[in-house]
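In: Kindly return the folded structure for what I paste below:
(2 chains)
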There are 2 protein chains.
Amino acid sequence: MMNGEEKWVVGIDIGGTAIKLAFIRPQGEMIYKWEIETNHLNHGEEIPNCIAKEIEKKRLELGLIKGKILAVGAGAPGSVDVVTGIVNEAINLRWSHRYPLQQKLEDACQLPVVIDNDANCAALGEMWQGAGISSRNLVFVTIGTGIGSGIIINGHIVHGAGGAAGEIGHVTVIPVGGALCNCGKMGCLETVASATGIVRQATALVSEASASDDGLSTLYKQNGVFSARDIFELAKTGDYKANTVVQTSLSHLGIALANVANTLNPETIVIGGGVSRAGDFLLSQLNLIFHQHAFQSVKETTVLTLASKGNDAGVLGAAWLAKQQYM
Amino acid sequence: MMNGEEKWVVGIDIGGTAIKLAFIRPQGEMIYKWEIETNHLNHGEEIPNCIAKEIEKKRLELGLIKGKILAVGAGAPGSVDVVTGIVNEAINLRWSHRYPLQQKLEDACQLPVVIDNDANCAALGEMWQGAGISSRNLVFVTIGTGIGSGIIINGHIVHGAGGAAGEIGHVTVIPVGGALCNCGKMGCLETVASATGIVRQATALVSEASASDDGLSTLYKQNGVFSARDIFELAKTGDYKANTVVQTSLSHLGIALANVANTLNPETIVIGGGVSRAGDFLLSQLNLIFHQHAFQSVKETTVLTLASKGNDAGVLGAAWLAKQQYM
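Out: Coordinates of the predicted model:
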């Protein structure tokens, strides 16, 4: 330990499959990170204790004094009321409606705890140590099975009146005739630009013309299924149908992001999540559409970029919250 | 004077035709308000002196001691850099590019000055004393010749990286085949939902079928021109064509506002400007579309409402800025 006085915080990212944990220095350096399987027993009631045990185990393993760890920050997948520390709804976990996560973690860990939504934590992580470093205004959009986002204005997460700010996945992009979204609306961005949306459109396209021997149809005939990643890979090789799907998705995504930028003019819009692994191929095409639809002074000052902290963004941002609140 | 110790601030709203001024108490009560014609002489260089003279004249008229007025807040139409106090561009005034309004007003008035964009000031005015009272998160949208907006998050105006936040008038609502906007883009909200946009669409509709004797066509034949107000009035009487135009406009506006709400989930979205005078007719139709496109928890917590401070919102908000900064 270089400085006997330095305190650390713990960043936690609670997911439906795994819980990520990290001991993090005040400057943002991750000292130790590890993950455990999410314990779904007893309606997820074991989770706070599992986390507390992990922190304690790691502390002893490293020979740290008890006071070394100052506080815990945790991100949870779902709608979080940051004022009360309650998770209103977390579909991928089995917690009861309105689960008092902050209190449960404080009781289990005997440490001060702060919680927020996982996308918000990832946004903070990218602002603190990632692609949005030095941005005070940042929009983080994570594109995977669904589309989530975290919005930071003047260095603080925007939660909104009902904790529902950042539902960029549910902006309407197809006002008439769009597909039904999980949220109950029609034509949401998520229905066309998430991994699920991309696969849905590709499946519709190959089903239309089963006799075709293009790359996308061939892949579908071979496997009976494909992933968004497959579709991007095919698009990169120039496959016409795969490109049609990718173009449609990126067109809706690019306009939606330009409209967010026209509204908020953040320094940075950071794209993360599984779909962002399509990398520069995605970013360059997205930038073309974004620049077409962003207001002149917005396009001069808002930059689209890919996330750089990957799966670490969530624990970093959660740790940042703990640091801000308790250090 | 009820309290000899109480200080007042001056709120100013600089427009292309008139400059509005008001002496305002710390609680937001407007004591005196008046307006003067905008002096365009000498490339608008006379404006700061005109304002200073008006304040001094009114102060003497009321027999107030010099120290009674603590500070000045001013809203200007255009892109304002609030950090440097410079108006980058104000098309309706004749100021040079990058006009140092704050410094010029401070020199002329010998008082501390704070400036911001006029729509931002109106947003603050509606938050402080108007339709958004008690909201900490509020979006103000003013619909007149153009569409402007001011966004307040956690009680503070969002300016964005390049001072271009709030360009809701320039979100793309018609991705393909939209009309050319003044900003150089195509299919902006302003092209369909501003007064100008409404008239443009109505004109196109009556020009298509000149033989028709519906209300809208008849009005056009009589006068060779109509206003957005005429079109709303006709729509209220049930005129089919006028309703078609109004429906199209409100549909785009309602979706755009729902998307802003899905992004920011403010307590209140306040609709002001000339078009908002269509009142409940506008609001009820807009609400239908808004509720169709707002995410469930957003529609439960974000309220659409009409502005209540009308032309006073700008001076009130400017005064609020002066109060916040200097009181």
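In: Tell me the residues of the stretch 101-250 of chain A that contact chain B?
Out: Proximity of the stretch 101-250 of chain A to chain B (C-beta under 8 Å from any C-beta of the partner chain) is limited to residues A:137, A:151, A:153-154, A:156, A:158-168, A:170-172, A:175, A:183-185. Every C-beta, even on glycine, is put in place using the N, C-alpha and C of the backbone.
In: pretty sure A:R25 contacts A:E6?
Out: Yes - the criterion here is C-beta atoms under 8 Å, and A:R25 meets it with A:E6 at 6.7 Å.
In: Quick check: pLDDT value at the closest residue to A:A195 other than its chain neighbours.
Out: The shortest distance from A:A195 to any non-neighbouring residue, by C-beta to C-beta, 6 or more residues apart in numbering or on different chains, is to A:A228 (3.7 Å). Note on A:A228: pLDDT of 95.
In: Now for A:A228: which residues touch it?
Out: Shown in contact with A:A228 (C-beta atoms under 8 Å, 6 or more residues apart in numbering or on different chains): A:A195, A:T196, A:I198, A:V199, A:G274, A:V275.
In: Could you measure from it over to B:S134?
Out: 44 Å (C-beta to C-beta, to the nearest Å).
In: Number of residues surrounding the residue of the stretch 1-150 of chain A found nearest chain B?
Out: Chain B sits closest to A:N137 of the stretch 1-150 of chain A, with a gap of 6.0 Å, by C-beta to the nearest C-beta. Neighbour count for A:N137, taken as other C-beta atoms under 10 Å in any protein chain shown: 25.
In: A:N137 is in contact with A:N154, correct?
Out: Yes - using C-beta under 8 Å, A:N154 is in contact with A:N137, at 6.8 Å.
In: Next, show the common contact partners of the two.
Out: What both A:N154 and A:N137 touch, as defined by C-beta under 8 Å, 6+ apart, is the set B:V158.
In: give me every residue that touches A:P175.
Out: Per C-beta under 8 Å, 6+ apart, neighbours of A:P175: A:G187, B:S251, B:I255, B:H293.
In: what is the rounded mean pLDDT of the helix or strand encompassing A:D116?
Out: If you go by DSSP states H and E, A:D116 is part of strand A:113-117. Strand A:113-117 carries an average pLDDT of 97.
In: which other helices and strands contact it?
Out: If contacts are counted by 3 or more C-beta pairs under 8 Å, 6 or more residues apart in numbering or on different chains; DSSP states H and E, strand A:113-117 sits against strand A:69-76, strand A:79-81, helix A:101-109, helix A:313-326.
In: follow-up on the earlier one: let's have the contacts of A:P175 in TSV, adding secondary structure and neighbour count.
Out: Shown next, in TSV, are the contacts of A:P175 (DSSP: H, G, I helix; E, B strand; the rest coil; neighbours: other C-beta atoms under 10 Å in any protein chain shown):
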residue	secondary structure	neighbour count
A:G187	coil	22
B:S251	helix	21
B:I255	helix	23
B:H293	helix	25
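In: tell me the two of those that are most distant?
Out: A:G187 and B:S251 (13.0 Å; C-beta to C-beta).
In: what are the ranges of the helices in the stretch 151-300 of chain A?
Out: Using DSSP state H, counting those that start in this stretch, the helices of the stretch 151-300 of chain A run over A:189-193, A:195-208, A:215-223, A:228-236, A:240-264, A:279-293, A:296-301.
In: mind putting those helices in JSON lines, distance to B:R94 included?
Out: Shown next, in JSON lines, are those (distance: least, C-beta to C-beta, whole Å):
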{"stretch": "helix A:189-193", "distance to B:R94": "43"}
{"stretch": "helix A:195-208", "distance to B:R94": "50"}
{"stretch": "helix A:215-223", "distance to B:R94": "58"}
{"stretch": "helix A:228-236", "distance to B:R94": "52"}
{"stretch": "helix A:240-264", "distance to B:R94": "27"}
{"stretch": "helix A:279-293", "distance to B:R94": "31"}
{"stretch": "helix A:296-301", "distance to B:R94": "21"}
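In: Please compute how far stretch A:103-117 lies from its chain's middle.
Out: 21 Å (C-alpha atoms, centre = their mean, to the nearest Å).
In: Just the CA atoms of that stretch, as CSV, please.
Out: This file holds the C-alpha atoms of stretch A:103-117, laid out as CSV (Å, rounded to 0.1, in the frame of the first residue of the first chain):
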residue,chain,number,x,y,z
GLN,A,103,-30.8,-0.5,3.3
LYS,A,104,-30.3,-4.3,2.7
LEU,A,105,-26.7,-3.7,1.5
GLU,A,106,-25.9,-1.3,4.3
ASP,A,107,-27.1,-3.8,6.9
ALA,A,108,-25.2,-6.7,5.3
CYS,A,109,-22.0,-4.8,4.6
GLN,A,110,-22.0,-2.4,7.6
LEU,A,111,-20.8,0.3,5.2
PRO,A,112,-22.5,3.3,3.7
VAL,A,113,-24.1,2.4,0.4
VAL,A,114,-25.3,4.4,-2.6
ILE,A,115,-27.3,2.8,-5.5
ASP,A,116,-28.4,3.8,-9.0
ASN,A,117,-29.5,2.2,-12.2
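In: In a strand, A:V10, correct?
Out: Yes - using DSSP: H, G, I helix; E, B strand; the rest coil, the assignment for A:V10 is a strand.
In: and it, how far is that from A:Y326?
Out: In terms of C-beta to C-beta, A:V10 sits 11 Å off from A:Y326.
In: shared neighbours of the two, anything?
Out: A:A71.
In: Tell me which of the two has more neighbours.
Out: Taking neighbours as other C-beta under 10 Å, A:V10 and A:Y326 compare with A:V10 leading, 27 against 16.
In: first vs last residue of stretch A:269-289, how far apart are they?
Out: 14 Å (C-alpha to C-alpha, to the nearest Å).
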